[in-house]
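Colleague: Curious how this folds, go ahead:
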Amino acid sequence: MRAAAVRVGRLGSFDARLWADLEILDRTEERFALERSIAGLVFAALPVVFTAMVASAEVEVSGALILMTTVVLGAIGFFVPVFTLRNEADRRRRSAQLALGAYLDVVAIQLAGGAGPTSALADAAAVGHGWLFRRLDRAMRAAAAA
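Modeller: Numbering: from 1, shown residues only. All right, here's what the predicted structure looks like:
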């Protein structure tokens, strides 16, 4: 079932921006495809649930209306995760701009204080907080180990 959901979730455009958004948020293609499939199914189920609720009140709802609403809401639900992903990635990019500026300020201060370039870069990454600093710190540790 999960493999089928992932295949369905991969439908649509996986353009360069979407790949970049997934990368900056540390999400896998599989997880995103699964989110898209689940959101589409949940949105598609809403008219059916609504119909079941109003059926208990003995209200007749057209089958064509239910079908049309199910298809439309399913399609909307399938694309909602794309918009959510793009918004989250844009927010993360804005925070990265601020964090990178702070990181470079610390590097410049350490270089002015007589630290070597390698230690200034590594120390500045280790001192900061947030996702960008964690990534920089991991990269510095990997570079030192290599």
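Colleague: Skipping adjacent residues, who's closest to the residue nearest the centre of the chain in space?
Modeller: Residue closest to the mean C-alpha point of the chain, counted by CA atoms, centre = their mean, is L85 at 4.0 Å. Excluding the flanking residues, the one nearest L85 by CB to CB, 6 or more residues apart in numbering is D21, at 5.2 Å. To be clear about C-beta, it is placed using only N, CA and C from the backbone, and glycine gets the same treatment.
Colleague: Buried residues in whichever strand or helix holds the one you found, which are they?
Modeller: Element membership for D21, per DSSP states H and E: helix 16-24. For helix 16-24, the neighbour count (16 or more other CB atoms under 10 Å) marks L18, D21, L22, I24 as buried.
Colleague: Under the pLDDT cut-off, which ranges of this protein? List them.
Modeller: 1-14 (pLDDT under 70).
Colleague: Tell me where the longest helix sits in it.
Modeller: helix 63-112 (DSSP state H).
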